[in-house]
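Predicted model and sequence follow; I will ask about them next.
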Amino acid sequence: MKDLSLRGWKRGDDTGALLTREWLVTNGLGGYASGTIAGVVTRRFHGVLIAALPSPLGRCMMLNHLEERIVIDGVTKHLSGDEPVLGDVRFPDVALLEEFRLDFGVPVWIFDDKRVRITKRLVMTHLRNTTFINYELDASSPPVELLLRPSVHFRGHEHDVTAEFASPYDVHAEDGRIEISARDMPPLRIAVQGGKAVLDGDACVIPELLYRIEQSRGYKHAGALWTPGTLRIPLAPGATVTVICSAESWEALDGLSREDAFASERKRREHLLERANIDGVPQSEESSATLVLAADQFIIVPETRRADLLRARASGEEPRTIIAGYHWFTDWGRDTMISLDGLTLATGRHREAASILRMFAAHVRDGLIPNMFPEGENDGLYHTADATLWFFHAVQRYVEASGDRQMLRQLVPVLDDIIEHHLRGTRFGIGVDPSDGLLRQGEEGYQLTWMDAKVDGWVVTPRRGKAVEINALFYNALMLLASWSDESRAKELHAHADRVRESFNARFWYAEGDYLYDVIDADDSALRPNQIFSIALDHPVLDRARWERVVTVVRDELLTPVGLRSLSRGHPDYKPTYHGDLRTRDAAYHQGTVWSWLIGPFIDAWLKVHPADRDGAREMLRGLEEHLHEACVGSVSEVFDAEPPYTPRGCIAQAWGVAELLRCLKKVAE
């Protein structure tokens, strides 16, 4: 298979990008490694090993930083940047760093100052909490000494950087192996393969590191790390040294070789591309191939939830779920159902899709699927009005792609029960209004739609009542279930659907603006992207005569090169940027901020109105393709500022952003 390489930074590029561009590697369990290209830790989530551990621990920061230096002819040079004192940022030697890229999604750093050339690669072992880092010295280089200083702060990965150390760290070092332990956490084990390592015992606390992104986001941003000392490793010309960092046992690590780790991961990734029918990676498909590998990062075994593991394995399958975004999201019902098509079906991973649907079906309570699973907990939270309706959409896409009618038969009773709960009313005020057949939702203290920003009791986008996309999804769900039901039940469901459609078209049209209300009864006429779902879904609820007008107004007022604005620029609450502390950011989250995933439903609606304009639709995806080279290299950011230059914000890698871009690239290429 032809090599797949994605450029992230090259000598001559803006050196500021060394801090703003990031990389992400995952292990299929929800664990990850991530950092800036420079190696400077700017987020509390940056680390070499963030392990996914069984509840109640969840994902935990095990190895925060690995300072990398080399000594050549008595001169010390930095490969990685670090922040040894508050506010004093030290970059890697820019003259030494030549290039950063992704090879088949694996981060690669090239350091070259004409005399010394070192190639660094990093992978995580699939389904293990283990990170491998290779340092290869070119055969034409003189010998060097590699100095590696690991620094730790065992904590939940989302916990403040000011959290107290778990306890005094206990260190045991012998024969190139280091074991660092503290109470209530598994030990961190570090081993060196391919070279003789000696630990200098200069253990100490590194005080007051500055986490620049946390500072800009209004969080606690100055904290300490602890280091056991510095590993000194001689590196001969042509030699490769591998550092293994793990939360696994020594016995498990003894069965792993560095060659196998990198070779098996390369083979696994090539197989992912083959399953997605992307073989050979021609130039025209490089974005899709990159996104297939990015999609893999979100599909995980829920290792932190033992109940789901045991339930699935008892029935003979391996459970799967979808992480909504890195670094801080867990699995969310809404994000999972929206992402399922692009992450699993567009990539040929039908078995995983089925497992995900079964897992969420097992968690249905009172006609609702979970909104999200909190970190380190086994039970979900159910405060959502739309995630359950997106479940119908996901099932439809799965059955259409797989032809799996057997699973559909298993799920129909669950889906039927969901509709019955919605018809008679369920939690959080979710239920049909008997006066017009439309679905209403809302309960004090909860935000139930995807526009769910709320801080200190302040509801930023109050959408209680009858929201436009909720009723579009409800109509779609009724029509889908009718198509899967027997004649008698289908007749009942069609009657409900007909009433929804009639009321929707009579009540949601905002004649003064010539588009759809966002929420009726509240008479919320804010021009938002939610109306696009009345056209984009498999069963559009909006009368066809109004499709073109809605698509046009959304294009003219909300479309950007990287997704749709969440509010039109003419609205008094419009916010052009998404920045600052939590309150400031939440004030902008759905008040203009661009969301990458919304490009998907817009493309669907555009092609329904303009079916011959695949070239135009393809052009609308260019901005997000170019984005693959910035922010989190090889992935898609959660949100962007609403005005040029559309600065990436929020999560560095978002499941539905990746999923919808990949799905649309494949759709316009058909």
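Cool, got the structure. Numbering: from 1, shown residues only.

check contacts around Ala631.
Residues near Ala631 by CB atoms under 8 Å, 6 or more residues apart in numbering: 20-22, 637, 648, 652. No exception for glycine: its C-beta is placed from N, CA and C like everyone else's.

how does it look with 6 Å?
Under the criterion of CB atoms under 6 Å, 6 or more residues apart in numbering, the neighbours of Ala631 are 637, 648, 652.

Kindly report the same for Ala261.
Taking CB under 6 Å, 6+ apart, we find Ala261 in contact with 125, 132.

Could you chop this protein up by domain?
By the record's domain assignment, the chain is partitioned as 5-271, 285-669 (automatic domain parsing).

deepest of those domains, which one?
domain 285-669 (a mean of 20; mean count of other CB atoms under 10 Å).

for the contacts of Ala631, which one is nearest Lys491?
Among these, Ser637 lies closest to Lys491 (CB to CB), at 46.1 Å.

Contact partners for Leu29?
With contacts defined as CB under 6 Å, 6+ apart, Leu29 is in contact with 52, 300-301, 303.

Just the closest of these to Ile603, please.
Nearest to Ile603 among the contacts of Leu29 is Ile300, at 27.2 Å by CB to CB.

Export the contacts of Ala631 to TSV and append columns for pLDDT.
Converted to TSV, the contacts of Ala631 look like this (pLDDT from 0 to 100):
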residue	pLDDT
Ser637	98
Pro648	98
Ile652	98
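
export those residues to JSON lines and tack on secondary structure and distance to Glu259?
Below are the contacts of Ala631 laid out as JSON lines (DSSP: H, G, I helix; E, B strand; the rest coil; distance: CB to CB, whole Å):
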{"residue": "Ser637", "secondary structure": "coil", "distance to Glu259": "35"}
{"residue": "Pro648", "secondary structure": "strand", "distance to Glu259": "36"}
{"residue": "Ile652", "secondary structure": "coil", "distance to Glu259": "30"}
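
From what I see, Ala294 and Ala659 are in contact.
No. Using CB atoms under 6 Å, Ala294 makes no contact with Ala659, being 9.4 Å away.

Please, where are all the helices along the stretch 401-550 of the chain?
Here the stretch 401-550 of the chain has its helices, by DSSP state H, counting those that start in this stretch, at 405-424, 468-483, 487-507, 533-536, 547-558.

Would you reformat those as JSON lines and include mean pLDDT and distance to Leu188?
JSON lines is the format used below for the helices of the stretch 401-550 of the chain (pLDDT from 0 to 100; distance: least, CB to CB, whole Å):
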{"stretch": "helix 405-424", "mean pLDDT": "98", "distance to Leu188": "41"}
{"stretch": "helix 468-483", "mean pLDDT": "98", "distance to Leu188": "45"}
{"stretch": "helix 487-507", "mean pLDDT": "98", "distance to Leu188": "55"}
{"stretch": "helix 533-536", "mean pLDDT": "98", "distance to Leu188": "46"}
{"stretch": "helix 547-558", "mean pLDDT": "98", "distance to Leu188": "47"}
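
Glu630 is nearest to which of those?
Closest among the helices of the stretch 401-550 of the chain, using CB to CB: helix 547-558, at 22.4 Å.

Just give me how far that closest one sits from the chain centre.
Centre-to-centre, helix 547-558 and its host chain are 28 Å apart (CA atoms, centre = their mean, to the nearest Å).

Check stretch 453-463 too.
Offset of stretch 453-463 from its chain centre (CA atoms, centre = their mean): 24 Å.

which sections of the stretch 151-300 of the chain are below the confidence cut-off?
Applying pLDDT under 70 to the stretch 151-300 of the chain picks out residues 278-284.

Kindly recompute the last result at 80.
Low-confidence segments of the stretch 151-300 of the chain, defined by pLDDT under 80: 166-167, 201, 208, 255-256, 278-285.

got the contacts of Leu29 as CSV, with secondary structure columns?
Below are the contacts of Leu29 laid out as CSV (DSSP: H, G, I helix; E, B strand; the rest coil):
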residue, secondary structure
Ala52, strand
Ile300, strand
Val301, coil
Glu303, coil
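
All set now, cheers.
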